[in-house]
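Enquirer: build me a model from this:
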Amino acid sequence: MYFDNNWYGNRFILSKYLKVRDRPVFASIQHGYLFFGKNNFYKKRKISLSPWLVWNKFIARKLRKDGHKNIVVIGSPFLYLHQLLKYKKVKPRGTLIIPSKSAYEIDMVVDYEKLYRFVKKKFNGPYTIMVGYHDLKRVALIKNKYTDLEFVTSGDRLDKFFTFNLYNYINKSEKVLHFYLGSPLFYSIFLKKKTFYFNKRFVTSLKGKGVNFDNKTELELLKKEDLELVNKVKDEINLDFKNLNSSENYKKVKLALGYNYLKNKKSLFRILGLNSKIKLFFAFFFTFIFKLKYFDLRTKYR
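Expert: The predicted structure is shown next:
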């Protein structure tokens, strides 16, 4: 199991789907899309007796090839959340903008006003910019400056309702604009929103806690990494970035999210180890150990 087992509320989503109390499970849960490429290597788990629950067969095959054990494909937790919320009726309107966001380990300063002006030239409002929880103080000075612009956040990554909030913000928007490449791009295509990706971050400063970055160098590296990520998605998923809203891309995103590998409640209950008192004991035990090892103000592991 990993210390990030319930980031973005993934474990909570599975618990809600099963209609059981959210608690430690005897499993590791993939909390975002895993990009591989030629040089990516994911650190092997020290406790491989518990299954690593991943999104799709491609990811499972790559991890097994790299020597990882006990890999089980269950699909993305986002899909289980969709099963819970898909009957919720909404009337989509406006444009949702998803730029880079800060986290515990890194501070990304985005020029939101320049980003807003760029978007306004190309898309109709009203506009909503989704910022990171750690960026809320930064937008306080400009949040009331524009009548057609609103700032929102899905919450801290430890907020169990994070993905619920993300789902709802995407779902109620007509268009979703992505300024970095991550899982939300797949989510908005899956929810059949008019989806757009721009290789233009509007990041003016990049700082890491405890690390002295050469800011200019880091921003250049960020641009290079963005291009590499696009190429990885093209190679691994065959996504067409020239027409993100095609029916073919929708099918490819369903495969990437593992739509065909969703588990029924009985199977998922067993996979999470909820049917075994011994597995539940070890789930709580290892949670306690990881809490002692990783707990600090940055990770707040739980």
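Enquirer: ok, which stretches of this structure are helices?
Expert: Ranges of helices within the chain are 10-18, 57-65, 77-85, 112-120, 136-139, 162-171, 183-190, 215-236, 247-257, 265-271, 277-294, based on DSSP state H.
Enquirer: and this protein, what are its domains?
Expert: Listed by automatic domain parsing, the domain ranges of the chain are 7-82+258-294, 91-246.
Enquirer: now do the last one: distance to the chain's middle.
Expert: In terms of Cα atoms, centre = their mean, to the nearest Å, the gap separating the centre of domain 91-246 from the centre of its chain is 11 Å.
Enquirer: on that earlier part again, and of the helices of the chain, who's closest to P126?
Expert: Minimum separation from P126 across the helices of the chain (Cβ to Cβ) falls at helix 112-120, 10.7 Å. From N, CA and C alone the C-beta is placed, and that goes for glycine too.
Enquirer: avg pLDDT for the closest one?
Expert: On average, the pLDDT along helix 112-120 is 97.
Enquirer: and it, which residues are buried?
Expert: Y112, L115, Y116, F118, V119 (16 or more other Cβ atoms under 10 Å).
Enquirer: measure the fourth one to E174 for me?
Expert: Applying Cβ to Cβ, to the nearest Å, the value for F118 to E174 is 18 Å.
Enquirer: returning to that earlier point: which one among the buried residues of helix 112-120 gets closest to K252?
Expert: V119 (26.0 Å).
Enquirer: shouldn't that closest one be in contact with T95?
Expert: Yes: if you go by Cβ atoms under 8 Å, V119 and T95 touch, sitting 6.6 Å apart.
Enquirer: shared neighbours of the two, anything?
Expert: Y127, L177 (Cβ atoms under 8 Å, 6 or more residues apart in numbering).
Enquirer: as a whole number, average confidence for stretch 268-283?
Expert: Stretch 268-283 comes out at a mean pLDDT of 92.
Enquirer: ok, stretch 46-54 next?
Expert: Stretch 46-54 shows a mean pLDDT of 85 in the predicted model.
Enquirer: before we move on, what about stretch 130-138?
Expert: The model assigns stretch 130-138 a mean pLDDT of 93.
Enquirer: ok, residues contacting it?
Expert: 96-99, 101-104, 107-110, 112, 139, 151-157, 159, 166, 169.
Enquirer: any buried residues in that stretch, and which?
Expert: M130, V131, G132, Y133, H134, D135, R138.
Enquirer: just stretch 80-97 next, same as before
Expert: So, applying 16+ other Cβ under 10 Å, buried residues of stretch 80-97: Y80, L81, H82, P92, G94, T95, L96, I97.
Enquirer: what's the distance between the first one and I106?
Expert: In other words, Y80. Distance, Y80 to I106, using Cβ to Cβ: 29 Å.
Enquirer: and F202, by the same measure?
Expert: Counting by Cβ to Cβ, the gap from F202 to I106 is 16 Å.
Enquirer: and I59, by the same measure?
Expert: From I59 across to I106, the span is 24 Å (Cβ to Cβ).
Enquirer: who's more crowded, these two?
Expert: Neighbours per residue, other Cβ atoms under 10 Å: of I59 and I106, the larger number sits with I59, 22 against 17.
Enquirer: in this structure, what spans have low per-residue confidence?
Expert: 1-5, 37-41, 209-216, 290-302 (pLDDT under 70).
Enquirer: I'd assumed L185 was in contact with H178.
Expert: Yes: between H178 and L185 there is a contact under Cβ under 8 Å: 4.8 Å.
Enquirer: quickly list what's touching both of those two.
Expert: Counting by Cβ under 8 Å, 6+ apart, the residues touching both H178 and L185 are T195, Y197.
Enquirer: contacting residues around K234?
Expert: F241.
Enquirer: run a quick neighbour tally on K192.
Expert: So K192, with other Cβ under 10 Å, has 12 neighbours.
Enquirer: in contact with the closest residue to it other than its chain neighbours, which residues?
Expert: Counting by Cβ to Cβ, 6 or more residues apart in numbering, K192 lies nearest to Y250, which is 6.9 Å off, once chain neighbours are set aside. For Y250, the contacting residues are I189, F190, K192, by Cβ under 8 Å, 6+ apart.
Enquirer: contacts only, for the first one.
Expert: I189 makes contact with T195, L244, N245, N249, Y250, V253, according to Cβ under 8 Å, 6+ apart.
Enquirer: now it. Nearest residue, chain neighbours left out?
Expert: Spatial nearest neighbour of I189, chain neighbours left out: V253 (4.6 Å); criterion: Cβ to Cβ, 6+ apart.
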